[in-house]
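> Generate a structure from the sequence data that follows.
(one chain, ligands or ions: 1)
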Amino acid sequence: MPKILDGAAIAAQIKQEVAQEVKLLAAQGVRPGLAAVLVGNVAASEIYVRSKVQTCAELGIFSDLITPPDTVTTEEMLDLVAALNARDDIDGILIQLPLPPQVDTKALLDAVSPAKDVDGFHPVNAGRLQAGRPALAPCTPAGVIEILKRSGIAIAGQHAVVVGRSDIVGKPAAMLLLHQNATVTICHSKTRDLPAITRQADILVAAIGRPGFITPDMIKPGATLIDVGINRITAREDFDRYFAGNARREAAFAKRGSTLVGDVHPQAFELAGAYTPVPGGVGPLTIAMLMANTVHAAKMRRGL
Ligand code: NDP
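Predicted coordinates:
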């Protein structure tokens, strides 16, 4: 039986450690603070941001939720970021993506002070990560490493194959795995004979954004499968393709009219040595690592 890597439990453990650090900082008169900028009324973004703000409250981190209207201009957003960069009570700045089309997302992310860039998206932090210097690493890939380490899965010397090369997930995940001494292959949409490469993976990280893309024929039996993908399916035929005969999922699907599937086909998990489920695998780590980054940023900024 493959081992299920319980991301929710690992995230809870990390949050507990963060809360402990927050307490120690409080004794030194420091309260880490996160500014969460949520533009407009994108339902999914609202859910994500509210859960980040709520987690701050649970851990004793100060948070300031700022909600500009979806008519906001790039200039207004740049002014807001400049003000947040200057605020001493703010250690981390989170700009929830996507932004409305009139806002220059790249210009905005580049305007965040690298010291407060808790999402790890700024080119300075990407460069520091590449150079192996202490940096604020992007939360989801940092969470992938935590799952592997805390589950006792060896990384050094293993062949890690990362499918996906986004700046947010694929590339930083590959870099973090390399720093842990894995032998890393990065694949993308132009990769030739992808299954031949993924079948070599001891650790396979799927960050593609396509439901059930990694099928059983693409897996080396016994591999560790890290499924970063989060895809919501609502059509009955899609449900049957991934979950036919799964009574627990069937009940959830009937109740909500949708369910989540990762980038790995559920049948592929059966061949794995260990895998992260969707939901409850990588997802919960993203917020936990955001909290850890906020405390880290608070300490770095004060030279602690
Ligand atoms: P992007 O769309 O930015 O990147 C997708 C990557 O997959 C690209 O590099 C693309 O290659 C590659 N790709 C697409 N099609 C293929 C193919 N046929 N064969 C091989 N590679 C392919 O997505 P993200 O990195 O932002 O996100 C990936 C997934 O992770 C999504 O499902 C997203 O929802 C999820 N996610 C989950 C998070 C979490 O908290 N768990 C956080 C962030 C994302 P190319 O570069 O050539 O186009």
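
> Outline the domain layout of this structure.
With domains defined by automatic domain parsing, the chain comprises 29-115, 139-285.

> Give me whichever of those is most buried.
Across the domains of the chain, averaging neighbours per residue (mean count of other C-beta atoms under 10 Å) puts domain 139-285 on top, at a mean of 19. Every C-beta, even on glycine, is put in place using the N, C-alpha and C of the backbone.

> Pull the CA coordinates from the helix or strand harbouring residue 296 and hand them back as PDB.
Assessed by DSSP states H and E, residue 296 sits inside helix 283-301. This file holds the C-alpha atoms of helix 283-301, laid out as PDB (Å, rounded to 0.1, in the frame of the first residue of the first chain):
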ATOM      1  CA  GLY A 283      -2.300  22.700  -0.700                       C
ATOM      2  CA  PRO A 284      -2.300  23.200   3.100                       C
ATOM      3  CA  LEU A 285       1.500  23.700   3.100                       C
ATOM      4  CA  THR A 286       1.200  26.900   1.000                       C
ATOM      5  CA  ILE A 287      -0.400  28.900   3.800                       C
ATOM      6  CA  ALA A 288       1.800  27.400   6.500                       C
ATOM      7  CA  MET A 289       4.900  28.400   4.500                       C
ATOM      8  CA  LEU A 290       3.500  31.900   4.000                       C
ATOM      9  CA  MET A 291       3.200  32.200   7.800                       C
ATOM     10  CA  ALA A 292       6.800  30.800   8.200                       C
ATOM     11  CA  ASN A 293       8.100  33.300   5.600                       C
ATOM     12  CA  THR A 294       6.300  36.200   7.400                       C
ATOM     13  CA  VAL A 295       8.000  35.400  10.700                       C
ATOM     14  CA  HIS A 296      11.300  34.800   8.800                       C
ATOM     15  CA  ALA A 297      11.000  38.200   7.100                       C
ATOM     16  CA  ALA A 298      10.200  39.900  10.500                       C
ATOM     17  CA  LYS A 299      13.400  38.400  12.000                       C
ATOM     18  CA  MET A 300      15.600  39.100   9.000                       C
ATOM     19  CA  ARG A 301      14.500  42.700   8.800                       C
END
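
> What is that helix packed up against?
When contacts are defined as 3 or more C-beta pairs under 8 Å, 6 or more residues apart in numbering; DSSP states H and E, helix 283-301 packs onto helix 7-27, strand 33-37, helix 43-59, strand 92-95, helix 139-150.

> ok, is the last one in contact with the ligand or not?
Okay, so that is helix 139-150. Yes. Shown here: helix 139-150 in contact with the ligand (C-beta under 6 Å from any ligand atom) through residue 140.

> helix or strand right after that helix?
Next helix or strand after helix 139-150 toward the C-terminus (DSSP H and E): strand 159-163.

> mind listing the helices for the stretch 201-304 of the chain?
Counting by DSSP state H, counting those that start in this stretch, the stretch 201-304 of the chain has these helices, from start to end: 236-243, 247-256, 266-269, 283-301.

> Let's have the ones you listed in CSV, adding distance to the ligand and mean pLDDT.
Output for the helices of the stretch 201-304 of the chain, formatted as CSV (distance: least, C-beta to the nearest ligand atom, whole Å; pLDDT from 0 to 100):
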stretch, distance to the ligand, mean pLDDT
helix 236-243, 14, 96
helix 247-256, 18, 94
helix 266-269, 15, 97
helix 283-301, 4, 97
